[in-house]
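*Asks:* here is my input; please provide its structure:
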Amino acid sequence: MKFLTTVILPIAVAFAAPKRSPSATPWENYIYSPDARAYTGYSVYTKSENVTQSWDQLGHVFRMPSGASITFDWGVEVGGFVSFQITTEANSSQFSLAYNESPFFIRPISDDTGAVPTEDYDRAYNASVSSGTSWFIMPTNWFRGGFRFTTITAHEEITISNLTCEIGFDPGKTDLRDYSGYFYTPNDDTLVKAWYAGAYTVQTNIAPQNTGRFLPQVKPGWDYNSSLGFGTTFLVDGAKRDRAVWPGDIGISGTTCALSLGQSGFAALLGSLETMFYYQNASTGELPYAGPDTASFRGGSKSDTYHTWGVIAIYNYAIFTGDETWINYHWDNITRAVNFIVSTIDTSVGLANQSQPNDWARQGAGGYNSALNALDYRALDSFASLAKTLGGSYASSANTWSAAAKGIKSAYNKVLWNAAVGLYNDNQTAAGALVQPQDGNSLALLYGLTETSAQQIAISNALTKYWNSIGPVTPELPDTISPFVSGIELLAHYVAGEATTALKLTRQLWRYLLTAPQFTGSTLVEGITANGSLYYRSTAGYNYDAAYVSLSHGWSSAPTQALTFYVAGLSVTGWNTWKFAPQPGDLTSVQAGFTFPLGNFEASWEVGGGGPSGITFEATFSVPNGLEGTVELPWTCQTFKVNGNDYKGEGCKGGHGPFTVSAKRCK
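*Replies:* This next block holds a predicted model:
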């Protein structure tokens, strides 16, 4: 039996080379990533009037008298080490650097990375140089994970030039713009930008080893030299902070990472999963709530929901890679993790009783919590299916897990369904019956706990009552719009077949997150208030410190997978299985693709016609050889052909395509 994974098994994950035209593609213009690791694409955002600007062979030269300051705008969220050439005539000249994500908080001090009542622990980095010309490079432990703006303040007269940011994220990718996944539609700029903002957000969240936030925090200052876990790179929760492995976040960001970034994304995801296995509780099988560089980890905090998010992320990695060697190596760990879920179920009811309520910040946890039980159902049902498919020794627990999943689904609808409002209650208590949560209902819809299509549509429709002009205001955390939970809702609307609602939500919320002036314009914020401000969680741990909020948080990236899996319609659904089930909504043309260790997946389609003659649909898609899948369309069509043959729902086996789909007179 393997209880603690003390040695990391060397896993060689093979990737097929993605098929790409040598010519430029229309979606390349939407990639936010810098064009070089030694990035010099800055502009002057603001400067003191007495700063003199000139040029030499190295570019801009800025002469800064004592007391002068310049704020540089890198154009997008960046992270890493700032360097520049500096000249002074004084024996010793002092200057300082400050870093900010939002233009709303540009100042001589940096964004705060410790939410405390006194605030502003980070302050600025102070440095000094001797007379003459030298090169300044930020020290390694003062790595700065996420910022768009850098402010340099001179305390004595200095001249600076050749300003550069050495990009520190996603170190496994030589060309930061070389994405293995893509999405494009000529019909809607917002959707394409949302896909690529999600991809770039998780890219900024790929952290190299020893760049976690050291605790206890330096006061004043910051120290990013803490071990992130076991691996070389890791998918962390945020670029600026907390810079740690969080299983709940990976439930969304892990899939985005795999879809968009390919090999470097899978490597970071693997590092995070190996860290979770290493710190798995030897006796109970429970996965850690957070990575080892967090206060939550050091304090021994636990979470039922984050454990299960971790199990779901492990399942996703397994089916995305098809790596049975890795599954076999960790099967004992996986079995104990799934059995931990079984151990939390009240067998007299059939639902898990939430005793460890740490979560994404929601209120009202405990009891037969709807979000927890929806997550538990997904984990149990998924691994029961995988165990049965793999067979042999894997299948020994499959029946137990399947029975537990079925019990949750039955009890979920008996105990929590509220027919009067068309939503599930938060839990079984009187207080829980007064709240129909966004997370629990979205997860129930996404993961298939509903019993009828009418129930699916009812939940999809009822969830929209929480929307304001920006997005959904979640009832389980008042005055809050959570892109994490709203992303789960987004995916859930597609499961209900409500593509129009899902596209409306994307255009409403994620357009705001990309265009409102307080954000980076390239990455996705952790959360906002109902009126769109950055005072997220002010009364729930963040102490009214808006500069603490992360503006590059991978858990907000659900549109990337929604647009690929549901709009383009091509997804991996299980062990060596796929599905092509596009939901066009009001779009007429889409292209998308991604590269997994399984191989290359690509799809393109066009919708035409309409009116009395009905809709016409033409598509081409390809998948890796040796997999099996099905094709589904959202309409009833008089003619429906795959590869020129009438299609009756049978599986498409073995071949990689390209498959052609043609449907006419669809309603």
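*Asks:* S442: how many residues sit nearby?
*Replies:* 28 (other C-beta atoms under 10 Å). (Each C-beta comes from the backbone N, C-alpha and C, glycine too.)
*Asks:* any idea how far it is from W417?
*Replies:* Separation of S442 from W417 (C-beta to C-beta, to the nearest Å): 15 Å.
*Asks:* also S460?
*Replies:* Going from S460 to W417 by C-beta to C-beta gives 15 Å.
*Asks:* more neighbours, those two?
*Replies:* For the pair S460 and W417, the greater number of neighbours falls to S460 (24 against 20), based on other C-beta under 10 Å.
*Asks:* quick one: the more buried one is in a strand?
*Replies:* No: assigned with DSSP: H, G, I helix; E, B strand; the rest coil, S460 falls outside any strand and is helix.
*Asks:* tell me where the stretch 151-300 of the chain has helices.
*Replies:* Ranges of helices within the stretch 151-300 of the chain are 189-204, 247-261, 263-278, 295-298, based on DSSP state H, counting those that start in this stretch.
*Asks:* same check on the stretch 301-450 of the chain?
*Replies:* All helices of the stretch 301-450 of the chain, identified by DSSP H, counting those that start in this stretch, fall at 304-321, 324-329, 331-343, 370-390, 398-415, 438-446.
*Asks:* so how far is stretch 37-46 off the chain centroid?
*Replies:* 26 Å (C-alpha atoms, centre = their mean, to the nearest Å).
*Asks:* can you give me the buried ones in that stretch?
*Replies:* 37, 39, 42, 45 (16 or more other C-beta atoms under 10 Å).
*Asks:* stretch 410-429: which residues count as buried?
*Replies:* Applying 16+ other C-beta under 10 Å to stretch 410-429 flags 411-413, 415-417, 422-428 as buried.
*Asks:* about what we covered before: of the helices of the stretch 301-450 of the chain, flag the one that's most buried.
*Replies:* helix 438-446 (a mean of 28; mean count of other C-beta atoms under 10 Å).
*Asks:* got a list of contacts for it?
*Replies:* With contact meaning C-beta atoms under 8 Å, 6 or more residues apart in numbering, helix 438-446 is reached by 360, 362, 369-371, 374-375, 378, 412, 416, 423-424, 426, 450, 456, 459-460, 462-463, 466, 472, 474-476, 482, 485-486, 488-489, 491-493, 495-496.
*Asks:* any idea of the mean pLDDT in it?
*Replies:* In this model, helix 438-446 carries a mean pLDDT of 98.
*Asks:* now do that helix: distance to the chain's middle.
*Replies:* Relative to its chain's centre, helix 438-446 lies at 18 Å (C-alpha atoms, centre = their mean).
*Asks:* domain map for the chain?
*Replies:* The record's domain parsing of the chain by automatic domain parsing lists 35-167, 182-568, 570-666.
*Asks:* export those domains to JSON lines and tack on distance to T174?
*Replies:* Converted to JSON lines, these look like this (distance: least, C-beta to C-beta, whole Å):
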{"stretch": "domain 35-167", "distance to T174": "8"}
{"stretch": "domain 182-568", "distance to T174": "9"}
{"stretch": "domain 570-666", "distance to T174": "16"}
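*Asks:* out of those domains, nearest to A24?
*Replies:* Proximity to A24 (C-beta to C-beta) singles out domain 182-568 among the domains of the chain, at 12.1 Å.
*Asks:* the spatially closest residue to N531 that is not a sequence neighbour: neighbouring residues, count only.
*Replies:* Once flanking residues are discounted, N531 sits nearest to I470: 7.8 Å by C-beta to C-beta, 6 or more residues apart in numbering. By other C-beta under 10 Å, 19 other residues sit near I470.
*Asks:* surely I470 is within a helix?
*Replies:* No: under three-state DSSP, I470 sits outside any helix and is assigned coil.
*Asks:* give the other helices and strands that the longest strand belonging to the chain contacts.
*Replies:* As assigned by DSSP state E, the longest strand anywhere in the chain is strand 69-100. The helices and strands touching strand 69-100, judged by 3 or more C-beta pairs under 8 Å, 6 or more residues apart in numbering; DSSP states H and E, are strand 43-47, strand 59-64, strand 125-137, strand 144-154, strand 158-167, helix 189-204.
*Asks:* circling back to that earlier point, check the domains of the chain for me and report the most buried one.
*Replies:* By mean count of other C-beta under 10 Å, the domains of the chain have domain 182-568 as the most buried, with a mean of 22.
*Asks:* how far off centre is it?
*Replies:* For domain 182-568, the distance to the chain centre is 9 Å (C-alpha atoms, centre = their mean).
*Asks:* of the domains of the chain, which is nearest E28?
*Replies:* domain 182-568 (8.4 Å).
*Asks:* residues touching L259, list them.
*Replies:* L259 touches 181, 199, 265, 560-561, 564, 594, counting by C-beta under 8 Å, 6+ apart.
*Asks:* mind picking the two most distant members of those?
*Replies:* Applying C-beta to C-beta across the contacts of L259, the maximum distance is between G265 and T564, 13.5 Å.
*Asks:* contacts made by stretch 467-481 with the rest, please.
*Replies:* Here stretch 467-481 makes contact (C-beta under 8 Å, 6+ apart) with 361-364, 426, 435-440, 463, 466, 482-483, 485-486, 489, 505, 508-509, 512, 527-532, 536-537, 540.
*Asks:* strands - which of these land there?
*Replies:* Per DSSP E, the contacts of stretch 467-481 map to strands at 528-529.
*Asks:* now stretch 138-145: how far from the chain's centre is it?
*Replies:* 24 Å.
*Asks:* gap between the two ends of that stretch?
*Replies:* Length of stretch 138-145, first residue to last, C-alpha to C-alpha, to the nearest Å: 12 Å.
*Asks:* same deal with stretch 643-657?
*Replies:* 9 Å.
*Asks:* V572 belongs to a helix?
*Replies:* No: V572: not assigned to a helix; according to three-state DSSP it is strand.
*Asks:* may I ask which two of the buried residues of stretch 37-46 are separated the most?
*Replies:* Longest span within the buried residues of stretch 37-46, C-beta to C-beta: R37 and Y45, 22.4 Å.
*Asks:* quick one, what contacts E606?
*Replies:* Here E606 is in contact with 588-589, 617-619 (criterion: C-beta under 8 Å, 6+ apart).
*Asks:* now with 7 Å?
*Replies:* 588-589, 618 (C-beta atoms under 7 Å, 6 or more residues apart in numbering).
*Asks:* rewinding a little: next, format the helices of the stretch 151-300 of the chain as CSV and append mean pLDDT and distance to A603.
*Replies:* Below are these laid out as CSV (pLDDT from 0 to 100; distance: least, C-beta to C-beta, whole Å):
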stretch, mean pLDDT, distance to A603
helix 189-204, 98, 14
helix 247-261, 98, 13
helix 263-278, 98, 20
helix 295-298, 94, 40
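*Asks:* nearest to A68 among those would be which one?
*Replies:* Here helix 189-204 is closest among these (C-beta to C-beta), at 30.2 Å.
*Asks:* alpha carbons only: can I get that closest one in PDB?
*Replies:* Extracted in PDB, the C-alpha atoms of helix 189-204 (Å, rounded to 0.1, in the frame of the first residue of the first chain):
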ATOM      1  CA  ASP A 189     -15.000  39.500 -30.300                       C
ATOM      2  CA  THR A 190     -15.900  39.200 -26.600                       C
ATOM      3  CA  LEU A 191     -16.000  35.500 -26.700                       C
ATOM      4  CA  VAL A 192     -12.600  35.100 -28.300                       C
ATOM      5  CA  LYS A 193     -11.100  37.600 -25.900                       C
ATOM      6  CA  ALA A 194     -12.700  35.700 -22.900                       C
ATOM      7  CA  TRP A 195     -11.100  32.400 -24.200                       C
ATOM      8  CA  TYR A 196      -7.700  33.900 -24.400                       C
ATOM      9  CA  ALA A 197      -7.900  35.900 -21.200                       C
ATOM     10  CA  GLY A 198      -8.700  32.600 -19.400                       C
ATOM     11  CA  ALA A 199      -5.700  31.000 -21.100                       C
ATOM     12  CA  TYR A 200      -3.400  33.900 -20.200                       C
ATOM     13  CA  THR A 201      -4.600  34.000 -16.700                       C
ATOM     14  CA  VAL A 202      -3.700  30.400 -16.000                       C
ATOM     15  CA  GLN A 203      -0.400  30.900 -17.800                       C
ATOM     16  CA  THR A 204       0.500  33.700 -15.300                       C
END
